[in-house]
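Peer 1: Turn this into a structure:
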Amino acid sequence: MLTLGIKNAVVYSFGITLDGNLPSIICRGVYIQLLPTLKYKLQVAKKWIFGRIKKLLRR
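Peer 2: Below you'll find the model as predicted:
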């Protein structure tokens, strides 16, 4: 089972619970792999990366 939040995720699988940033990054990576074209994958990855950087710089 997977639960996504804005900055983190919780993954329950095979009796193991993972939460925080690492599962969030893994889930985003899996999501990107499911996208249809390399061009679209790069666009989505760029948006996520630069969006995260912008949020960090605003703090």
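Peer 1: CA only for contacts and neighbour counts going forward, please
Peer 2: Noted.
Peer 1: Which residue ranges of the chain form helices?
Peer 2: Using DSSP state H, the helices of the chain run over 21-34, 38-58.
Peer 1: Tabulate those (CSV), appending mean neighbour count.
Peer 2: Below are the helices of the chain laid out as CSV (neighbours: other Cα atoms under 10 Å):
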stretch, mean neighbour count
helix 21-34, 15
helix 38-58, 11
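Peer 1: need the least confident one among the ones you listed, by mean pLDDT.
Peer 2: Mean pLDDT values for the helices of the chain show the minimum at helix 21-34, a mean of 83.
Peer 1: which secondary structure elements does that helix contact?
Peer 2: Applying 3 or more Cα pairs under 8 Å, 6 or more residues apart in numbering; DSSP states H and E, we find helix 21-34 packed against strand 9-13, helix 38-58.
Peer 1: tilt between it and helix 38-58?
Peer 2: Here the directions of helix 21-34 and helix 38-58 differ by 150 degrees (axes from the mean of the first three to the mean of the last three Cα atoms, to 10 degrees).
Peer 1: Would you mind extracting the C-alpha trace of helix 21-34 into PDB?
Peer 2: Output in PDB follows, covering the C-alpha atoms of helix 21-34 (Å, rounded to 0.1, in the frame of the first residue of the first chain):
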ATOM      1  CA  ASN A  21      11.600  11.500   1.900                       C
ATOM      2  CA  LEU A  22      13.200   8.300   0.700                       C
ATOM      3  CA  PRO A  23       9.900   6.500  -0.100                       C
ATOM      4  CA  SER A  24       8.700   9.700  -1.700                       C
ATOM      5  CA  ILE A  25      11.700   9.800  -4.000                       C
ATOM      6  CA  ILE A  26      11.300   6.100  -4.800                       C
ATOM      7  CA  CYS A  27       7.600   6.500  -5.600                       C
ATOM      8  CA  ARG A  28       8.300   9.500  -7.900                       C
ATOM      9  CA  GLY A  29      10.900   7.400  -9.700                       C
ATOM     10  CA  VAL A  30       8.500   4.600 -10.200                       C
ATOM     11  CA  TYR A  31       5.900   7.100 -11.500                       C
ATOM     12  CA  ILE A  32       8.300   8.600 -13.900                       C
ATOM     13  CA  GLN A  33       9.200   5.100 -15.200                       C
ATOM     14  CA  LEU A  34       5.500   4.600 -16.000                       C
END
